[in-house]
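J.: just the structure for this:
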Amino acid sequence: MKEKLVSVILLAESNDDDDILHVVKNVKDQTHKNVDLIISTFKEVSDDLKEKCQAISIGGIRWLQQDPKSDFFRELLDKVDGEVVFYKTLNNILWHPRHIQAHLEEMKNNNTKWCFSHVEYKKLDMGDHPFNVLNYRVTNAPTPDKVSMDEVCHAASLHTEWKNCLRQDEDGNPYFIAGYVAKSWIEEGVRGSIPPEITVVNWVDTNKNNSDSTNDEKIKQQVGAPMMSGPEESQDVIDGEIVVRRKWPTIVGNSFYDTRNNQILEQIENLTSNTEVETIAIKRTMGMGDVIVVEPIIKKLRQKYPAAKITLFTASPDVVKYFKNKPDQVEEIEKTYILRDFLSDFGHNLRFDLDLSYESRENISFIDAYASVCNVEFDNQEDKHIQFETSEIERIDSDLPIAIVSADGSGWPGKTWPITYYEEVITHLQENGYNVIETGNVVTDMTDEKYHGCDFETFIRCLYSAEIFVGADNGPMHVARAMNKKCVTIAGAALPYLTNPNRQDIYYIEDNQNKNWGMKHNFFFRVEDGSLSFVPFDREDETACGMRTIQSHSVIEAIDKITKDGFAFNMFGALVKKEVVGGIAYYKSEFGLERENKYYHPDQRIDLSQYYENDTEGYTSKYLTEAQEFVSTFDKEAKVLDVGCNMGILVNNISKLG
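T.: Model prediction:
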């Protein structure tokens, strides 16, 4: 079947030739190929430019030179041959290849006559990394001033008055707001929509201080807003008795609703018996790591409501297959539902929307944020561990022990470590007898390419077969923790001891002197031009959160410590955060037994050795006799578990005694 003809009107105005060529190529790269391209200019166009544009275009091009004082929009629309009209300008906006195709599909599937677009924002000085990946407008229509020409398309048959977009400022100067084109369509009752797929890249300068804090606050309070204010009750007669069933409003993750959430939770605890709760819905839309942390929550909800059937709504259903504590049902949903109370459309007794749980709370672990929303309590830190069922997973054949290296950074500068450093880490692992497998999309040429960018099932098999995982705080790291694999995690924007509760056999390599270190846990979200940003960035400081200053030798040293004998973990570190298990290590070197040289550790705000350094000899002599008696009872091959406050003094004495 022949593709529908669409007309693209390119408003070149008086722009340079190179700019015009760039946009023609952008149109040429569209997956939809049946395009009628009309280029409108206010200046005379050279034959050379016309030939260059025609050479890269997929079809014919019509050129129109117009007077900007005339009603040139009407003249352009009179020239249109396509069934649907798109507009392109020569500004800082580009279309994704599926831009045209996605809008045509949306208009067909939802029987609409016009569309705005779903936008992704990127920094001008860091093109590889989006700082906003989920635009607010998907579930909340944009205001007219937030819409550009490049985001509008409509059926050619739809009456369009672009002159309605002209406005005047306080001084009487004219200005143009493209979004007002929809005002007359809406007044006429013509349906419009926004495709959920991101199709537009808007390049912006984030150094411009254009944030409206008052408006930010208002928008934050709207995000994830619950649809119901109070419970709904229905009555059934069963065996002659009246049975009351309650459908409670969704408990939403946004902490702006904590007061309201707590009131509802209190009502649920006081008025609802556990047996009355027959169905529970949980929503955690994306991404892989966030969804994995739901597994212990399902366990606790099942303990609390043993008769209830639990449904998990998520855009990442593949990983749920491996949960030890599985929901009764998994429903796959679109990623775009992250910003609205999607669960209100369903009839479950209890509904917990975990989206925005940790995003709206500062310095809280993911699992604790989820537990707060669901009103469940854990017995201890181990009770929070994610558990995977691995009995059905088939191992990868390998004569050597396997190490997984994942250089993927989830599209964030604060999770992206230079690939050249990964190359040094891979070399070290290979020299130490490991079969290194790279399963991500960001890879080197040093490993077997058959695993590069592999499917999820292959990735699971690789990780299950591995002895160690090296990478950023990303989805694969969470899977490794759920399988109890040793991990060396390179951390910047995210803090692994807050993202994943399993803190056994893991090293965090961090530049904790960087101001933006751990930014993911220090703010809710930002609002840029009415759009939400969940990606850490700061206008004035380094967006990489210290990732680039972490050197490869630090990661290599951590790998050696966690894979080789000759050190023991200090497993307490409870000075400030009593739930945090430390990662401080003592290891053997050419100088003897040493403590890892860190003046600051995320689990300890101050190094206690500062209190003892002026009287080291006194403490040594005080504990030496006890240490000698203690050590004399050991077998030669005995291992020591070091538990307590500043036990390095005792451990050092034991080491001196051999």
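J.: state the pLDDT value of the spatially most central residue of the chain.
T.: Nearest to the mean C-alpha position of the chain, counting by C-alpha atoms, centre = their mean, stands G287 at 5.8 Å. The predicted local confidence for G287 comes out at a pLDDT of 84.
J.: please apply the same query to N135.
T.: pLDDT for N135: 56.
J.: CA-only coordinates of stretch 388-406 in PDB, if you can.
T.: Coordinates of each C-alpha in stretch 388-406 appear next as PDB, following Å, rounded to 0.1, in the frame of the first residue of the first chain:
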ATOM      1  CA  PHE A 388      15.800 -13.400  42.200                       C
ATOM      2  CA  GLU A 389      14.700 -17.000  41.300                       C
ATOM      3  CA  THR A 390      17.700 -18.300  39.300                       C
ATOM      4  CA  SER A 391      17.100 -22.100  39.200                       C
ATOM      5  CA  GLU A 392      15.900 -22.100  35.600                       C
ATOM      6  CA  ILE A 393      18.700 -19.900  34.200                       C
ATOM      7  CA  GLU A 394      21.100 -21.700  31.900                       C
ATOM      8  CA  ARG A 395      24.800 -20.800  32.400                       C
ATOM      9  CA  ILE A 396      27.100 -19.500  29.600                       C
ATOM     10  CA  ASP A 397      29.800 -21.900  28.700                       C
ATOM     11  CA  SER A 398      33.300 -20.500  29.600                       C
ATOM     12  CA  ASP A 399      36.600 -22.100  30.500                       C
ATOM     13  CA  LEU A 400      37.500 -19.000  32.400                       C
ATOM     14  CA  PRO A 401      35.700 -17.100  35.200                       C
ATOM     15  CA  ILE A 402      33.400 -14.500  33.700                       C
ATOM     16  CA  ALA A 403      33.400 -10.800  34.500                       C
ATOM     17  CA  ILE A 404      30.600  -8.500  33.200                       C
ATOM     18  CA  VAL A 405      31.600  -5.000  32.300                       C
ATOM     19  CA  SER A 406      28.700  -2.500  31.500                       C
END
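J.: rounded mean pLDDT for that stretch, please.
T.: In this model, stretch 388-406 carries a mean pLDDT of 94.
J.: now do the buried residues in that stretch.
T.: With burial defined by 16 or more other C-beta atoms under 10 Å, the residues of stretch 388-406 counted as buried are F388, I393, I396, I402, A403, I404, V405, S406. C-beta: built from backbone N, CA, C; applies to glycine.
J.: among those residues, which are in strands?
T.: Using DSSP state E, the members of the buried residues of stretch 388-406 that fall in strands are I402, A403, I404, V405, S406.
J.: my guess is the fourth one contacts Y422. True?
T.: Yes. Judged on C-beta atoms under 8 Å, V405 makes contact with Y422 at a distance of 6.2 Å.
J.: gap between Y257 and I333?
T.: Counting by C-beta to C-beta, to the nearest Å, the separation of Y257 from I333 is 21 Å.
J.: correction: F176
T.: If you go by C-beta to C-beta, the gap between F176 and I333 works out to 38 Å.
J.: ok, A403 next?
T.: Distance check for A403 against I333: by C-beta to C-beta, it reads 35 Å.
J.: equivalent analysis for V152, please.
T.: The gap separating V152 from I333 is 28 Å, by C-beta to C-beta.
J.: what of H159?
T.: Applying C-beta to C-beta, one obtains 36 Å for the distance of H159 from I333.
J.: now do stretch 378-391: everything it contacts.
T.: By C-beta atoms under 8 Å, 6 or more residues apart in numbering, the residues outside stretch 378-391 that reach it are 292-293, 295-296, 299-300, 322-325, 367, 371, 464, 478-479, 481-483, 500-503, 579, 581.
J.: the nearest residue to I298 once chain neighbours are set aside: what secondary structure?
T.: The shortest distance from I298 to any non-neighbouring residue, by C-beta to C-beta, 6 or more residues apart in numbering, is to N325 (4.7 Å). In three-state terms, and counting by DSSP: H, G, I helix; E, B strand; the rest coil, N325 is coil.
J.: let me see the domain layout of the chain.
T.: As given by automatic domain parsing, the domain ranges for the chain are 6-205, 232-384, 402-552, 565-658.
J.: A225 is nearest to which of those?
T.: Taking C-beta to C-beta, domain 232-384 is the member of these nearest to A225, at 6.6 Å.
J.: returning to what we had before: comparing V152 and I333, which residue is more hemmed in?
T.: Higher neighbour count among V152 and I333: V152, with 23 against 18, using other C-beta atoms under 10 Å.
J.: quick one, what contacts that one?
T.: In this structure, V152 makes contact with F86, Y87, W114, C115, F116, S117, A178, V181, A182, judged by C-beta under 8 Å, 6+ apart.
J.: next, work out how far apart K304 and I386 are.
T.: For K304, the distance to I386 under the criterion C-beta to C-beta works out to 19 Å.
J.: of these two, give the one with the bigger neighbour count.
T.: Set side by side, K304 and I386 show more neighbours around I386, with 25 against 16, by other C-beta under 10 Å.
J.: for the ones in strands among the buried residues of stretch 388-406, which one is nearest E188?
T.: S406 (52.3 Å).
J.: what about G433, which helix or strand?
T.: When secondary structure is defined using DSSP states H and E, no element contains G433, which sits outside every helix and strand.
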